[in-house]
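Enquirer: Build me a model:
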Amino acid sequence: HVVWCGHDERFGVNNVATTAAAVSAYGAVAAFGKPDLMISAGTAGGFGQRGAAVGDVFLSTKCVFHSRRIPVSGGTLEEYGFGHFRSPPLSGLAAGPPPEQGGV
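Expert: Down below sits the predicted model:
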């Protein structure tokens with residue numbers, strides 16, 4: 001199944017960001033049951049000076065997160081709001097030449 005976050009009628013754009021992604025993921029699990037694999041596509045940024053361009057596909061080696069709602073310094077929740085996790089091995093998912101790999 002392919003699930004997307006829907007369309008925002010007020011602004012005339014596709015829904016994006018953490019709330020829309022979380023609600024869509026929850027709805028997909030509720031509708032289709034426990035998935036073997038869930039892919040979140042199009043939610044990461046890249047750096048042009050490092051060779052990334054809009055539309056490029058990358059396989060994640062780790063997921064780096066930063067909650068923009070938690071103060072960058074001095075807060076007791078800093079460790080909770082910033083960090084990273086290793087991704088499971090994904091190289092077998094790519095058909096053809098393997099895409100670039102890196103942190104997202």
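Enquirer: only C-alpha atoms for contact and neighbour calcs from this point on.
Expert: Noted.
Enquirer: could you pull out the helices for the protein?
Expert: Ranges of helices in the chain, per DSSP state H, are 17-32, 78-81.
Enquirer: Could you identify which of the ones you listed has the lowest mean pLDDT?
Expert: Note on the helices of the chain: lowest mean pLDDT is at helix 78-81, with a mean of 64.
Enquirer: sorry, back to before: can I get the helices of the chain in a markdown table including mean neighbour count and distance to Val64?
Expert: Shown next, in a markdown table, are the helices of the chain (neighbours: other C-alpha atoms under 10 Å; distance: least, C-alpha to C-alpha, whole Å):
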| stretch | mean neighbour count | distance to Val64 |
| --- | --- | --- |
| helix 17-32 | 13 | 14 |
| helix 78-81 | 14 | 10 |
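Enquirer: Let me have the ones you listed in CSV, extended by distance to Arg50.
Expert: Formatted as CSV, the helices of the chain follow (distance: least, C-alpha to C-alpha, whole Å):
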stretch, distance to Arg50
helix 17-32, 24
helix 78-81, 26
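Enquirer: closest to Gly103 out of these?
Expert: helix 78-81 (17.1 Å; C-alpha to C-alpha).
Enquirer: okay, now the domains of this structure?
Expert: Per the record, the chain has its domains at 1-43, 45-104, by automatic domain parsing.
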